[in-house]
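Asks: Structure of the sequence below:
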Amino acid sequence: MIPEDNAFTSLSRIQDNTKIVDVGTVRSGGDGVVELYTFHAGRLGDLIGTERVHAGANSDVRIDTRRPVRGDVMAVLKVDGQIVATHQFRNINR
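Replies: Okay, the predicted model is just below:
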């Protein structure tokens with residue numbers, strides 16, 4: 001299993017109104033999925049996008065949210081249905 005601090009290696013900011021969130025490189029201990037959720041007041045909100053990843057390093061992971069992102073989001077890495085890492089992306093143009 002990949003420790004949380006090593007799974008996501010990207011910056012922690014995104015541009016306001018983007019529909020594509022560039023998650024960057026994701027390191028995973030097994031085949032899995034990165035789920036992207038709205039995030040407000042320390043709580044996960046709606047699921048707004050997903051992208052499959054394979055075991056090992058996955059470069060240039062990008063998630064299409066199909067709608068403009070207007071706040072902070074949380075990326076959640078799941079392997080075998082279990083959360084193995086999370087990473088918050090702060091919206092920088094509010």
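
Asks: Sketch out the helices for this protein, chain order is fine.
Replies: Across the chain, reading from the start of the chain, the helices by DSSP state H fall at 4-7.

Asks: Tell me where it is predicted with low confidence.
Replies: Applying pLDDT under 70 to the chain flags residues 1-6, 9-17, 92-94.

Asks: Quick check, central residue of it?
Replies: Among the residues of the chain, the one closest to the centroid is residue 75, at 2.5 Å (CA atoms, centre = their mean).

Asks: so that residue makes contact with residue 89?
Replies: Yes: if you go by CB atoms under 8 Å, residue 75 and residue 89 touch, sitting 6.7 Å apart. Quick note: C-beta positions are derived from backbone N, CA and C, even for glycine.

Asks: hey, what's in contact with both of those two?
Replies: residue 21 (CB atoms under 8 Å, 6 or more residues apart in numbering).

Asks: give the contact list for the residue nearest to the centre of the chain.
Replies: Applying CB under 8 Å, 6+ apart to residue 75 gives the contacts 8, 21, 23, 34-36, 63, 86-89.

Asks: Quick one: neighbours of residue 41, just the number.
Replies: 6 (other CB atoms under 10 Å).

Asks: Spatially nearest residue to the residue nearest to the centre of the chain (excluding sequence neighbours)?
Replies: Using CB to CB, 6 or more residues apart in numbering and skipping residues adjacent in sequence, the residue nearest residue 75 is residue 87, 4.6 Å away.

Asks: same check, this time on residue 8
Replies: If you skip the residues right next to it in sequence, residue 8 has residue 87 as its closest partner in space, 3.7 Å away by CB to CB, 6+ apart.

Asks: how far away is the one you found from residue 61?
Replies: Between residue 87 and residue 61 the computed distance is 11 Å (CB to CB, to the nearest Å).
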